[in-house]
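Asker: Here is a sequence with its predicted model. Questions after.
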Amino acid sequence: MRLITAHRILIGAGIAFFLFYAVVQLRFYARGGGAAPLVQAVASAAVAAGFVLYYRTLKRWGRRP
């Protein structure tokens with residue numbers, strides 16, 4: 001396995017984790033947990049979106065021109 005492949009797997013796992021965490025925090029917010037779970041959900045969704053943008057740039061890595 002090449003290093004870029006392992007990196008793509010780890011970034012994919014990070015995306016899945018932050019999306020899962022956002023859903024969990026939204027459920028806490030829906031139960032009346034205050035503003036903190038909503039802020040954490042928005043922040044984790046933003047991190048996941050950033051990871052998605054970064055993941056899309058990895059298509060060019062590891063290829064010869």
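Answerer: Sure thing, it's come through.
Asker: could you give me the average pLDDT of the longest helix along the chain?
Answerer: Criterion DSSP state H: the longest helix present in the chain is helix 3-30. Taken as a whole, helix 3-30 has an average pLDDT of 96.
Asker: hmm, who's touching the following helix or strand past that helix?
Answerer: Downstream of helix 3-30, the first helix or strand assigned by DSSP states H and E is helix 36-57. The contact list for helix 36-57 (Cβ atoms under 8 Å, 6 or more residues apart in numbering) reads 8, 11-12, 14-15, 18-19, 21-23, 25-26, 28-29. Where C-beta positions appear, they are placed from N, C-alpha and C, glycine not excepted.
Asker: Could you export those residues as JSON lines, including distance to residue 60 and neighbour count?
Answerer: Formatted as JSON lines, the contacts of helix 36-57 follow (distance: Cβ to Cβ, whole Å; neighbours: other Cβ atoms under 10 Å):
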{"residue": "8", "distance to residue 60": "12", "neighbour count": "16"}
{"residue": "11", "distance to residue 60": "14", "neighbour count": "15"}
{"residue": "12", "distance to residue 60": "17", "neighbour count": "14"}
{"residue": "14", "distance to residue 60": "19", "neighbour count": "17"}
{"residue": "15", "distance to residue 60": "18", "neighbour count": "18"}
{"residue": "18", "distance to residue 60": "23", "neighbour count": "20"}
{"residue": "19", "distance to residue 60": "24", "neighbour count": "17"}
{"residue": "21", "distance to residue 60": "29", "neighbour count": "17"}
{"residue": "22", "distance to residue 60": "28", "neighbour count": "20"}
{"residue": "23", "distance to residue 60": "31", "neighbour count": "12"}
{"residue": "25", "distance to residue 60": "33", "neighbour count": "21"}
{"residue": "26", "distance to residue 60": "34", "neighbour count": "18"}
{"residue": "28", "distance to residue 60": "39", "neighbour count": "15"}
{"residue": "29", "distance to residue 60": "38", "neighbour count": "18"}
